[in-house]
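A.B. asks: I would like to see how this sequence folds:
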Amino acid sequence: MAEPLRVLAIDGGGIRGIIPATVLADLETRAGRPIADLFDLIAGTSTGGILALGLALPGEGGKPAYRPGDLLELYVGEGPNIFRRSIFDRIRSLDGAIDERYPADGLERVLKEALGEARLRDALTGVVVTAYDTDRRQPFFFRSARARQDAAYDYPMHVAARATSSAPTYFEAARVVNEASGEEYSLVDGGLFASNPAMVALADAWRGDRERPVVLLSLGTGSHTRRYPWKEVRDWGALEWARPVIDMLLDGSSDATEFEAGQLTAARGGALGDRYWRVQTELRKSSDDLDDASADNLRHLQEEASELVDRETAALAEAANALCLRKSSG
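C.D. replies: A predicted model of the protein is given here:
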């Protein structure tokens, strides 16, 4: 049997990226190898895209610049600075109803400082980051493989991270200019079509070799538990739907992809066989808001992430064993 492609997919979810970062810290400890060395491809949406780029960022001596624990500290330390707004911002935007909730300068500063001048071609392993082009009304993919083949698609990592994390109503769309052609793109959060990028990851992994087996680890950022009963939503207008509909789109997209990937497992006679793990949790203590970076919620997210790792010990051990087989050299 051909050596499998090892693929990691990380959901979107804003500050809830604390959850997959914690899971990956545990996986790295189990495997005794950096995440970039365990996977041939890392696909991420929104906060998952930031994690994907951070984990593939080269540091000194060709080693990863960040371990998952480093990125976890970044979330906890910088989250309150990214999701911060003045009273003027609240009034100006009508709490996000007529303008974005947050100025993008805090997010852009953190991404530029964290990712520096590295470009997609520099990634230590394959990376795919999702975004959505509002002008052309179609998905947009930042792909390290394409960047290595064609310099016109070799965007700075911080630009890709800014685009994938531009959640509508939270941050303004990212204006991205192709340095080679001068083409301009208006990009927002890829969660509009792939909050869970597992199927995007599979499509990219199979792009070159459909017959090659795939090992897939898919990480969630905590599923929403907030309910909206009929009596509450039946008379909502545009303003009332503005925030909830974004959450519903992201959560519904993620759940649909989880179902689709599940159909590809051995129990369904599918192509993934028994080489697929989905690690996700229901949020019980934490807020499901992607922008709640309060001290209490940061603590709750870390607690729920630790509980998830404890609960999924067997699955993470299985995944680590599968991933520790020799990684392909491509």
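A.B. asks: next structured bit after the helix or strand of the chain with the lowest mean pLDDT?
C.D. replies: Among the helical and strand segments of the chain, the one scoring lowest on mean pLDDT, DSSP states H and E is helix 87-93, with a mean of 46. Toward the C-terminus, helix 87-93 is succeeded by helix 105-115 as the next helix or strand (DSSP states H and E).
A.B. asks: doesn't residue 289 lie inside a helix?
C.D. replies: No: applying DSSP: H, G, I helix; E, B strand; the rest coil, one finds residue 289 to be coil, outside a helix.
A.B. asks: can you tell me how far it is from residue 83?
C.D. replies: Distance, residue 289 to residue 83, by C-beta to C-beta, to the nearest Å: 9 Å. The way it works is simple: take the backbone N, C-alpha and C, and place the C-beta from them, glycine included.
A.B. asks: hey, what's in contact with both of these two?
C.D. replies: A shared contact of residue 289 and residue 83, defined by C-beta atoms under 8 Å, 6 or more residues apart in numbering, is any residue touching both; here these are residue 14.
A.B. asks: in the stretch 1-150 of the chain, where is pLDDT below threshold?
C.D. replies: Per-residue confidence for the stretch 1-150 of the chain (pLDDT under 70) gives these ranges: 1, 85-100.
A.B. asks: now the helices for it?
C.D. replies: In the stretch 1-150 of the chain, the helices defined using DSSP state H, counting those that start in this stretch lie at 18-31, 35-38, 47-56, 68-82, 87-93, 105-115, 144-149.
A.B. asks: now the stretch 201-330 of the chain
C.D. replies: Listed in chain order (using DSSP H, counting those that start in this stretch), the helices of the stretch 201-330 of the chain are 230-233, 238-262, 295-311, 313-323.
A.B. asks: between these, which one is closest to residue 110.
C.D. replies: Taking C-beta to C-beta, helix 295-311 is the member of the helices of the stretch 201-330 of the chain nearest to residue 110, at 15.4 Å.
A.B. asks: if we can go back for a sec, mind putting the helices of the stretch 201-330 of the chain in a markdown table, distance to residue 122, mean neighbour count and mean pLDDT included?
C.D. replies: Conversion of the helices of the stretch 201-330 of the chain to a markdown table gives the following (distance: least, C-beta to C-beta, whole Å; neighbours: other C-beta atoms under 10 Å; pLDDT from 0 to 100):
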| stretch | distance to residue 122 | mean neighbour count | mean pLDDT |
| --- | --- | --- | --- |
| helix 230-233 | 46 | 9 | 86 |
| helix 238-262 | 28 | 16 | 75 |
| helix 295-311 | 29 | 17 | 98 |
| helix 313-323 | 23 | 16 | 95 |
